[in-house]
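> quick check, what structure comes out for this input:
(chains A, B and C)
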Amino acid sequence: MKQRQTIFDIDTRGQGFYEFSREIRRWCADQKLYCGLLTLFIRHTSASLIIQENADPDVQYDLNRFFGKLVPENPELYRHRCEGPDDMPAHIRSVLTSVQLSVPVVQGELALGIWQGVYLFEHRTAPQSRQVVGHLIGE
Amino acid sequence: MKQRQTIFDIDTRGQGFYEFSREIRRWCADQKLYCGLLTLFIRHTSASLIIQENADPDVQYDLNRFFGKLVPENPELYRHRCEGPDDMPAHIRSVLTSVQLSVPVVQGELALGIWQGVYLFEHRTAPQSRQVVGHLIGE
Amino acid sequence: MKQRQTIFDIDTRGQGFYEFSREIRRWCADQKLYCGLLTLFIRHTSASLIIQENADPDVQYDLNRFFGKLVPENPELYRHRCEGPDDMPAHIRSVLTSVQLSVPVVQGELALGIWQGVYLFEHRTAPQSRQVVGHLIGE
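Model (predicted):
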């Protein structure tokens, strides 16, 4: 049994979805494990990891609009607002989504469904440098 | 250290909760590992995996009603609607819940609490054939 | 490759956030693994595990208020109410957050970001004794 670790560095430019499925697949392929488990962990509290449809960009538009309405950027709603009106909503959206994802590796391939892409979901409006830790175990 | 993998095939008949704790427990028992970690991963973006109370069916009724109100099936709210009024709400409900669950195996048993059942949470109205990948590592 | 397991016992005194990052770090350090994966699993359906900012207590205040509004404790909204007005909202808040978290161990340390703390998010108003299973694999 072997373990491999890496960091995926992702620069974001405002709220929205940043797919990095290709980078994940390439790194996993390089490790040459046939059976295993990949875990992704984001080291931040104002951005998330999600898996969603990678075909129609309208899905991302609608997700952004939904979260914008569910968790409004209205400073009157929050006490924690020293970092701007998008900060507390970012924390809440992070709690409503995921900080971590684990995906099995089956016969040398990530077991993602045909329409599934892996995204960083950025909740802050200003550009950010994000780190996602990758951990792979298997053989 | 050993690894085992399987696919749980689950046919759904409309929105709601499909428990498959028994199938998971049976498969895990067959692998005869005493200590380990089970990971379940659903290969779809319009259905989820959740753990919830398995005693009172009213819990499922209330969960369905809550998600129905939180993410309404009103096409005017969404751009992505080519697959029907339940499609974009299904994607949003998927993001608000979980695509993956990991449960430790302790002394040969899944460490589920006494009231915890594992469910596929179907968000589409039409019947679907769903695949959940199971990955077990341990010894 | 080694595995270690433990139980974190956490007594709660009403709704809110109970950080146990220090207990997790101490236990992990005692296992002396340099590279691995820690999984935390809560054995309940009315409390959650989340990772959030550990600096400003206002973040927790705002999170509590948000979930209080999103999932109101109004018995008229629910059928499942035999255990009190906070019971069904607790189940819903559990589904909207997480039952499990996995965090890589990198160079002997949990890969948490500098502002990330691990919390039990209690959804019941009465005091509870909660169990979180810890599973560590690595070498």
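> check contacts around A:Glu73.
A:Pro85, A:Asp86, A:Pro89 (Cβ atoms under 8 Å, 6 or more residues apart in numbering or on different chains). Glycine gets a C-beta too; all of them are placed from N, C-alpha and C.
> wait, isn't the second one in contact with A:Arg124?
Yes - look at A:Asp86 against A:Arg124 with Cβ atoms under 8 Å: they come within range, at 5.7 Å.
> find residues that contact each of these two.
A:Gln15.
> what are the buried residues along the longest helix out of those in chain A?
Across chain A, the longest stretch assigned as helix under DSSP state H is helix A:57-70. For helix A:57-70, a neighbour-count test (16 or more other Cβ atoms under 10 Å in any protein chain shown) marks A:Val59, A:Gln60, A:Tyr61, A:Asp62, A:Leu63, A:Phe66, A:Phe67, A:Leu70 as buried.
> list of residues touching it?
So helix A:57-70 is contacted by A:15-17, A:52-53, A:93, A:96, A:121, A:123, B:70-71, B:77-80, B:88, B:91-92, B:95, C:70 (Cβ under 8 Å, 6+ apart).
> same question for stretch A:12-28.
Contacts for stretch A:12-28 (Cβ under 8 Å, 6+ apart): A:6, A:8, A:10, A:38, A:40, A:47, A:50, A:52, A:54, A:60, A:63-64, A:86, A:105, A:110, A:112, A:117-128, A:130, A:132, A:134, A:136.
> mind checking which of those residues are in helices?
Those of those lying in helices (DSSP H): A:Gln60, A:Leu63, A:Asn64.
> distance-wise, check the last one relative to A:His123.
Yep, that's A:Asn64 we're talking about. 10 Å (Cβ to Cβ, to the nearest Å).
> how about the CA coordinates for the helix or strand containing A:Ile24, as PDB?
Taking DSSP states H and E as the definition, one finds A:Ile24 inside helix A:21-31. Extracted C-alpha coordinates of helix A:21-31, given in PDB (Å, rounded to 0.1, in the frame of the first residue of the first chain):
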ATOM      1  CA  SER A  21     -10.800  17.900 -12.800                       C
ATOM      2  CA  ARG A  22      -8.100  17.700 -15.400                       C
ATOM      3  CA  GLU A  23      -5.300  18.600 -13.000                       C
ATOM      4  CA  ILE A  24      -6.600  16.000 -10.500                       C
ATOM      5  CA  ARG A  25      -6.800  13.300 -13.200                       C
ATOM      6  CA  ARG A  26      -3.300  14.100 -14.500                       C
ATOM      7  CA  TRP A  27      -1.700  13.900 -11.000                       C
ATOM      8  CA  CYS A  28      -3.600  10.700 -10.100                       C
ATOM      9  CA  ALA A  29      -2.500   9.100 -13.400                       C
ATOM     10  CA  ASP A  30       1.200  10.000 -12.600                       C
ATOM     11  CA  GLN A  31       1.000   8.000  -9.300                       C
END
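> which residue sits closest to the one residue in chain A that gets nearest to chain B in space, ignoring its chain neighbours?
Nearest to chain B in chain A, going by Cβ to the nearest Cβ, is A:Gly113, at a distance of 3.4 Å. In space, and not counting its chain neighbours, A:Gly113 is closest to B:Arg43: 3.4 Å by Cβ to Cβ, 6 or more residues apart in numbering or on different chains.
> thinking again about what came up before, buried ones among the contacts of stretch A:12-28?
For the contacts of stretch A:12-28, a neighbour count by 16+ other Cβ under 10 Å gives the buried set as A:6, A:8, A:10, A:38, A:40, A:47, A:50, A:52, A:54, A:60, A:63, A:86, A:105, A:110, A:112, A:117-125, A:128, A:130, A:132, A:134, A:136.
> just the ones of the residues you listed in strands?
A:6, A:8, A:10, A:38, A:40, A:47, A:50, A:52, A:105, A:110, A:117-122, A:128, A:130, A:132, A:134, A:136 (DSSP state E).
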